Every structure is written in C-alpha cells, then in structure tokens.
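S.K.: Need a 3D model of the following:
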Amino acid sequence: MARHGNRIVKKVYITEHEERLFKQLQRMSHMGSFSGFARHAMLHFGDYGAYSVIVACRMHHEQMKKRNGELSAIGNNINQIAHQVNTFALQGEVDEGYFTDTVVPAIEKLQSTYMQILAEDEKIKKRLYGKKSEGAIPL
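M.R.: Okay, here's the model as predicted:
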C-alpha cells in the first residue's frame with residue numbers, strides 16, 4: 001500500500017473510454033482534481049446514485065449549452081432592436097415617449113428574465129454539484 005503524505009494511494013484500472021468520461025465529468029463538476037472528484041463520488045454515491053447524478057450532470061450540461069446559445073441569440077436580438085430604436089429616435093422617426101414608455105420597459109423585463117434564468121441555473125448547479133466541503137445532494 002503506497003502512501004502520499006498522510007494519504008493512502010489506491011490504483012484503479014479503467015478503460016480509455018472511462019478515462020475520457022471521468023475527465024469530462026470532473027470538468028462538468030467543477031472539482032479541482034481528479035482525486036477530489038473520485039473521493040467525492042465514492043463517499044457520496046452508491047452505484048445507482050452515482051449513475052443518476054452522472055446522467056443529471058450530462059443532461060444539465062447539454063441543457064446549458066443549448067440555453068446559452070439561445071440566450072446569446074436573444075441578447076443579440078435585443079441589442080439590434082435597441083440599436084434600431086436609437087437610430088430611429090435620433091432621426092425623429094420615434095418619439096422619446098415611445099422609447100421610454102415601451103422599449104425600455106420591454107428590455108428591462110427581458111434583462112430581469114435573463115437574471116432569473118441565471119439564478120435558477122445556480123440553484124440547479126448547487127443541487128447537482130454541491131460545494132466541495134458539503135457534497136452534492138442525491139437526485
């Protein structure tokens with residue numbers, strides 16, 4: 001039994017596919033090291049629990065990639081709309097009242113919705129991944 005400082009070193013044999021999977025899961029979990037990730041997984045989850053968390057992490061990761069793309073497109077559209085309204089306002093084609101009474105509140109509502117989505121995502125991340133010292137809550 002090898003030791004590293006006050007810790008015992010254990011060797012585990014895995015396939016190349018499993019290594020790629022573990023590295024991906026480690027990145028998605030935001031754990032600093034593979035050792036920390038592996039200890040966390042072994043201490044907090046049985047076989048089914050670990051599998052369900054892995055599935056949930058993958059689903060969350062895929063949802064976030066899709067949602068980030070959609071939010072980016074929405075943000076781009078909002079910027080284009082704001083730019084056009086500003087251009088029309090400067091040319092006198094839209095009065096300032098329309099801009100302040102209609103356009104600004106609509107943009108503020110979209111920004112608020114965006115912030116709510118980010119807050120909800122943080123809650124999901126905390127539930128899935130937990131804090132390093134606490135561990136994730138099984139799903």
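S.K.: how about the residue of the chain most remote from its centre, secondary structure?
M.R.: In the chain, counting by CA atoms, centre = their mean, G92 sits farthest out from the average C-alpha position, at 42.7 Å. Reduced to three states with DSSP: H, G, I helix; E, B strand; the rest coil, the structure at G92 is coil.
S.K.: Need the phi and psi values for it.
M.R.: Per-residue torsions, G92: phi 80, psi 10 (degrees, to the nearest 10).
S.K.: gap between it and F99?
M.R.: For G92, the distance to F99 equals 12 Å [CB to CB, to the nearest Å]. C-beta: built from backbone N, CA, C; applies to glycine.
S.K.: Helices along this structure, start to end?
M.R.: Assigned by DSSP state H, the helices in the chain fall at 16-29, 34-44, 47-90, 96-98, 104-129.
S.K.: most centrally placed residue in the chain?
M.R.: Central residue of the chain (CA atoms, centre = their mean): M64, at 5.5 Å.
S.K.: how about low-confidence regions in this protein?
M.R.: Applying pLDDT under 70 to the chain flags residues 1-4, 44-50, 129-139.
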